[in-house]
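1. coords please:
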Amino acid sequence: MILRYLHLKPAHDMMFYDWLGVNQSGFNYVINQFRNPLFWQRAKSLDWEYIGPYSTDKLMSICGREEFSNPYRSTPKGFSTDVENEYIVIGKGIV
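-> Okay, here's the model as predicted:
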């Protein structure tokens, strides 16, 4: 799925920049601060190149870990751990 959308230019990017109150250069500057070096590298032309597909195997080989901990707790349907009712959870979850 990543490769399908990787080189697809957004249809309304200028409208989005305008909504944020930034120009394209400023937006790219901020976004580039968060590029994961496991998947992106700076080319000689100073553009960014995608260096490989995401995979758990790739992360395990780089991190040297066999297992990754899941920060999310699985709860039964209709059960909430939010006793104070402070959060709204949106999403399909896992069936």
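2. all strands for the protein, in order.
-> Using DSSP state E, the strands found in the chain span residues 40-42, 48-50.
3. poorly predicted segments of the chain, please.
-> Low-confidence segments of the chain (pLDDT under 70): 1-2, 53-73, 87-95.
4. minimum distance to Asn85: which of the strands of the chain has it?
-> strand 40-42 (40.5 Å; C-beta to C-beta). From N, CA and C alone the C-beta is placed, and that goes for glycine too.
5. which other helices and strands does that closest one contact?
-> With contacts defined as 3 or more C-beta pairs under 8 Å, 6 or more residues apart in numbering; DSSP states H and E, strand 40-42 has these neighbours: strand 48-50.
6. coming back round to it: in a markdown table, list the strands of the chain along with distance to Gly26.
-> Below are the strands of the chain laid out as a markdown table (distance: least, C-beta to C-beta, whole Å):
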| stretch | distance to Gly26 |
| --- | --- |
| strand 40-42 | 19 |
| strand 48-50 | 16 |
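7. okay, the ones you listed in CSV with mean neighbour count and distance to Asn28 next?
-> Shown next, in CSV, are those (neighbours: other C-beta atoms under 10 Å; distance: least, C-beta to C-beta, whole Å):
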stretch, mean neighbour count, distance to Asn28
strand 40-42, 13, 13
strand 48-50, 13, 9
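8. Glu86: which of the ones you listed is closest?
-> strand 40-42 (36.2 Å).
9. list the contacts of that closest one.
-> If you take C-beta atoms under 8 Å, 6 or more residues apart in numbering as the criterion, strand 40-42 is touched by 48-51.
10. relative to Trp19, which of the strands of the chain is closest?
-> So among the strands of the chain, strand 48-50 is nearest, using C-beta to C-beta, at 23.6 Å.
11. show the residue spans covered by the helices in this protein.
-> Using DSSP state H, the helices found in the chain span residues 2-5, 13-20, 24-32, 56-63.
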